[in-house]
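# Have a look; sequence and predicted model below, questions after that.
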Amino acid sequence: MRYSKLFGKTVRDFPKEEVSINAKLLIKAGFIDKLMAGSFTILPLGFRVKEKIEQVIREEMNKTGANEMLMPLLHPKEIWNETGRWDSAREVMYQFKKENKEYALSFTHEEVVLDILRKKISGYKDLPVKVYHFSTKFRDEPRAKSGILRGREFLMKDLYSAHLTAEDLDKYYWEVADAYLRIFKRFGLDAKIVEAAGGVFTDAHTHEFQVLCAQGEDTILYCDCKSNCDCKFAENKEIASVKAGDKCPKCKDCKIKESKAIEVGNIFKFGTVYSQKMGVYVTDKEGKRRLLHFASYGIGVTRMIGTLVELFHDDKGIIWPKSAAPYQAHLISLQSGEKTDKIYEQLLAENIQVLYDDRDVSAGQKFADADLIGIPVRLVVSPKTENKVECKERISDKTEILELAEILKRLKKDQEV
Ligand code: ATP
Ligand code: MG
């Protein structure tokens, strides 16, 4: 992509009212635009990051045998009345009336999934079901001030699973938890599985995936897990049975620490609560009618974008992990375009994802914008590099002058991970 043709360039006038680092950097670098508090456009650069994140999630979800689909966002009141959530979740739900009929905008999809299941599932042979989608959620958030970490409209991956038995559900639940840890690891995030409350979803405990970060809105208490300890004890402060400095109740050895954290995912084991409310039964081998066992699993896709920026940046801008970067390489020309044009064409021919700053602006501006945008590898072509190319990683200060063939080899290797 030629930068001159990209819609959504770096922004000079800094959004002064923004307090969060993620919104400041993402707006300034041209990844998102703010319509109002909690409501953002994902511009073309940001869209590529979103696609990268979704692809990693998709690969890991598919490995668990889940099927991707897409569910509607406009829901009739009746379906929410079946579980009582039209009233109990009124605070977060956008509800409205149009010509005597009442609707809600989707804040989650349990009711919709169970409605599909009761139409499509008859016997145990149809189970288990594992379905997911990437789509928008609407929530009337009272404190939409953390930039893209907390939207009133945001993107989520939500997976739902239905099983004949509690044991089968439990097995898959932990399989998904493992898949979640793999997903976060692929973005360089060390997520902790934290026991937490269920909010408007359930009275039972749930498991959140929390990433330590001073800017997070959650507070967690967790085992410091020194050298040989792998107990991984962690609780959300909202339900915590311990406090900072206590001895860990699980390993009975290490100390409990307290930290702010960002909730990047949450999984919920509902058992038969929802299927009972909605009357979703299946016949087992013996011909007996049984209630479905049901669970749901969410990852905040737009919140992931914000989390990566909160954790991976410096005073110059964003530092994308390779797995989420909008492009692999940022090509800069410091001389007449022809030679760089040729290198750009060669990179494209080798399927390297490259952003080419072909503008007629100062070298200083090109370098500053490259640091702000945060693409992992910067390539510079100048009279000084002769027939070679200067190569620098965003995370390092070291520059190397390399043959294009060597650079291609490295960038190809990056695509393998
Ligand atoms: P929070 O406690 O932060 O309000 P939640 O517990 O209500 O979130 P869940 O229903 O568990 O959220 O949603 C699943 C995932 O969706 C969360 O783990 C989070 O990553 C993401 N998410 C939830 N609310 C928002 C929001 N308002 N903006 C962006 N992402 C969100
Ligand atoms: Mg949650």
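Everything's here; your move. Ligands and ions are numbered 1, 2, ... in the order given.

# Now E386. Its backbone dihedrals?
In terms of degrees, to the nearest 10, the main-chain angles of E386 are phi 50, psi -120.

# what does A204 give?
According to degrees, to the nearest 10, A204 has phi -80, psi 160.

# so it makes contact with A196?
No - using CB atoms under 8 Å, A204 makes no contact with A196, being 10.6 Å away. Any C-beta I mention is one placed from the backbone N, CA and C, and that applies to glycine too.

# Of the two, which one has the most company?
Comparing A204 with A196 by neighbour count (other CB atoms under 10 Å), the higher total belongs to A196, at 23 against 12.

# Tell me who's in contact with that one.
H205, T206, H207, E208, E235, N236, E238, I239, N266 (CB atoms under 8 Å, 6 or more residues apart in numbering).

# Surely the fourth one is in contact with N266?
Yes - between E208 and N266 a contact is recorded at 4.9 Å, counting by CB under 8 Å.

# what lines up beside whichever strand or helix holds L155 in the sheet?
Using DSSP states H and E, the element containing L155 is strand 153-163. Paired with strand 153-163 in the same sheet, following DSSP bridges, are strand 129-138 (antiparallel), strand 293-300 (antiparallel).

# Helix or strand next in line after the last one, which one?
This points to strand 293-300. Next along the chain after strand 293-300, taking DSSP H and E as the criterion, comes helix 301-311.

# Can you give the distance from the helix or strand following that next one to the centre of its chain?
Scanning forward in sequence from helix 301-311 by DSSP H and E, the next helix or strand is strand 313-314. The chain centre lies 19 Å from the centre of strand 313-314; the measure is CA atoms, centre = their mean, to the nearest Å.

# contacting residues for the residue of the chain found nearest ligand 1?
With CB to the nearest ligand atom, the shortest gap between the chain and ligand 1 falls at G300, namely 2.4 Å. Residues counted as contacts of G300 (CB under 8 Å, 6+ apart) are F154, L155, M156, E263, V264, G265.

# Next, count neighbours for the second one.
Right, the one you point to is L155. Per other CB under 10 Å, the neighbour tally for L155 reads 21.

# is it in a bridge, and if so with what?
T136.

# any idea of the pLDDT on it?
On pLDDT, L155 comes in at 98.

# In TSV, list the strands paired with strand 153-163 along with mean pLDDT.
Below are these laid out as TSV (pLDDT from 0 to 100):
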stretch	mean pLDDT
strand 129-138	98
strand 293-300	98
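
# E258 touches D218, doesn't it?
No - in terms of CB under 8 Å, E258 does not count as a neighbour of D218; the distance is 11.1 Å.

# which neighbours do these two share?
Overlap of the contact sets of E258 and D218 (by CB under 8 Å, 6+ apart) consists of K237.

# Mean neighbour count, the strands paired with strand 153-163: which tops it?
Among those, strand 293-300 has the highest mean neighbour count (mean count of other CB atoms under 10 Å), at a mean of 25.

# With respect to G188, which of the strands paired with strand 153-163 lies nearest?
In terms of CB to CB, the element of those nearest to G188 is strand 293-300, at 15.6 Å.

# For the closest one, list the C-alpha coordinates in PDB.
C-alpha atoms of strand 293-300 as PDB (Å, rounded to 0.1, in the frame of the first residue of the first chain):
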ATOM      1  CA  HIS A 293     -25.700 -28.000  29.100                       C
ATOM      2  CA  PHE A 294     -24.500 -24.600  27.900                       C
ATOM      3  CA  ALA A 295     -21.500 -22.300  28.100                       C
ATOM      4  CA  SER A 296     -20.300 -19.100  26.400                       C
ATOM      5  CA  TYR A 297     -16.900 -17.600  25.800                       C
ATOM      6  CA  GLY A 298     -16.000 -14.000  24.800                       C
ATOM      7  CA  ILE A 299     -12.900 -12.200  23.700                       C
ATOM      8  CA  GLY A 300     -13.000  -8.400  23.200                       C
END
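
# Quick one: work out the angle between that strand and helix 301-311.
Relative orientation of strand 293-300 versus helix 301-311 (axes from the mean of the first three to the mean of the last three CA atoms, to 10 degrees): 50 degrees.

# What backbone torsions are found at S39?
phi -140, psi 110.

# That one: what's it in contact with?
Each residue near S39 by CB under 8 Å, 6+ apart is listed here: G151, R152, E153.

# Please report which of the contacts of A196 has the highest neighbour count.
For the contacts of A196, neighbours were counted using other CB under 10 Å, and E208 has the most, 25 neighbours in all.

# Please identify the helix or strand for that residue.
Following DSSP H and E, one finds E208 within strand 206-212.

# if we can go back for a sec, counting neighbours, which bits of the strand holding L155 end up buried?
Buried positions in strand 153-163, judged by neighbour count with 16 or more other CB atoms under 10 Å: E153, F154, L155, M156, K157, D158, L159, Y160, S161, A162, H163.

# Quick check: which helices or strands does the following helix or strand past that strand pack against?
Using DSSP H and E, the helix or strand that follows strand 153-163 in sequence is helix 166-186. If you count contacts as 3 or more CB pairs under 8 Å, 6 or more residues apart in numbering; DSSP states H and E, helix 166-186 packs onto helix 44-63, strand 153-163, strand 206-212, strand 256-271, strand 293-300.
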